[in-house]
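*Asks:* Below are the sequence and a predicted model for it; my questions follow.
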Amino acid sequence: MLPGCLAAAIPVMAGSVLATKDVVAESRENRDGQQPAAIPAKTTLAGEAAPTVPGGSVEVGSGTGMQSPFASFAAYAMEQAFKDMSGEAVQSASLRNPGALDGERNECGNLEPAVLIDLDPKSGLVPEAGDLRADKRAANLLASLRNQGVTVGWISGRTAADAGTIRKALASSGLDPEGQDRLVLMRYPQDRKQTRRREFAEQYCIIAIAGDAQSDFDELYDYLKNPAAAAPLEALYGNGWFLTPLLLTQE
């Protein structure tokens, strides 16, 4: 039992599951073998200034040298991808043992790098109808990541039955124009994002996670009785975890 820092027991992980094409990575051996050109870790991405993240979040700003939270997310992921290509150790953004609240991360091993972006607003789901828009700069940043061999994953509490609608929204908004990204959706009524995140982390090295709520990084935040108990996790903000505005919003 954990000390009284959790309001209730975190739900037990589901057992063995069936993998789908949207969460199974192609092996490195099955890829086309073409490595994108290496770039310096502190490179400028799609017109954004390169970040200097001291461990905290970066504020949105429009002035010279200011950088949006999503640009910080993308630049951090690019740095990790560059390390991966260079054979250096890469930091995972997923926790090894969430209930321990110690901030220890999973090992990446030989898994290929990926980022995971939560599509849902706080206490809600991404809209399934209506015109959805996205910031063009975010689309450019994602294209830069793909060009560096980073897989982009999109997670939502919506079910696999909504995959077509989400694919269409990502394509029409420019966030995934080629439909090449991975969707991480719920497969049955009792399925949970935590389960799906864990499965995604078993297939990829998640180098960065973006979301508009803390529970988008790990569901333990939904069970904390004392938020101060999660202080060891603060080191992950700006260093794998990035609180960002929603990328898909209604017109």
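*Replies:* Nice, I can see it.
*Asks:* Let me see the ranges of the strands in this protein.
*Replies:* Along the chain, the stretches classed as strands by DSSP state E are 113-118, 132-133, 151-159, 182-186, 205-211, 241-243, 249-250.
*Asks:* For the stretch 101-250 of the chain, which residues score under the pLDDT cut-off?
*Replies:* Along the stretch 101-250 of the chain, the model assigns pLDDT under 70 to no residue.
*Asks:* can we see that at 80?
*Replies:* 129-131 (pLDDT under 80).
*Asks:* In this structure, which helix is the longest?
*Replies:* Using DSSP state H, we find that the single longest helix of the chain is helix 69-85.
*Asks:* That one - what's its average pLDDT?
*Replies:* Helix 69-85 carries an average pLDDT of 95.
*Asks:* Taking strand 151-159 as reference, get the angle to that helix.
*Replies:* Comparing the axes of helix 69-85 and strand 151-159 via axes from the mean of the first three to the mean of the last three Cα atoms, to 10 degrees yields an angle of 130 degrees.
*Asks:* Tabulate the strands of the chain (a markdown table), appending mean neighbour count.
*Replies:* (C-beta placed from N, C-alpha, C; glycine too.) What follows is the strands of the chain, written out as a markdown table (neighbours: other Cβ atoms under 10 Å):
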| stretch | mean neighbour count |
| --- | --- |
| strand 113-118 | 26 |
| strand 132-133 | 19 |
| strand 151-159 | 21 |
| strand 182-186 | 22 |
| strand 205-211 | 26 |
| strand 241-243 | 23 |
| strand 249-250 | 13 |
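*Asks:* Export these to CSV and append columns for distance to Leu101.
*Replies:* CSV is the format used below for the strands of the chain (distance: least, Cβ to Cβ, whole Å):
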stretch, distance to Leu101
strand 113-118, 21
strand 132-133, 36
strand 151-159, 22
strand 182-186, 24
strand 205-211, 17
strand 241-243, 14
strand 249-250, 32
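*Asks:* OK, contacts around the residue minimising distance to the centre of the chain?
*Replies:* The geometric centre of the chain, computed from its C-alpha atoms, lies nearest to Leu116 (Cα atoms, centre = their mean), at 2.1 Å. By Cβ atoms under 8 Å, 6 or more residues apart in numbering, the residues touching Leu116 are Ala93, Gly153, Trp154, Ile155, Val184, Arg197, Phe200, Ile206, Ala208, Ile209, Ala210.
*Asks:* ok, the fifth one touching Val152?
*Replies:* No - with contact defined as Cβ atoms under 8 Å, Val184 does not reach Val152; the gap is 10.8 Å.
*Asks:* quick one: the helices in the chain?
*Replies:* 69-85, 136-147, 163-173, 193-203.
*Asks:* ok, and for the third one, which residues are buried?
*Replies:* When burial is assessed from 16 or more other Cβ atoms under 10 Å, helix 163-173 yields the following buried residues: Ile166, Arg167, Ala169, Leu170, Ser173.
*Asks:* same question, the last one
*Replies:* For helix 193-203, the neighbour count (16+ other Cβ under 10 Å) marks Lys193, Gln194, Thr195, Arg196, Arg197, Arg198, Glu199, Phe200, Ala201, Gln203 as buried.
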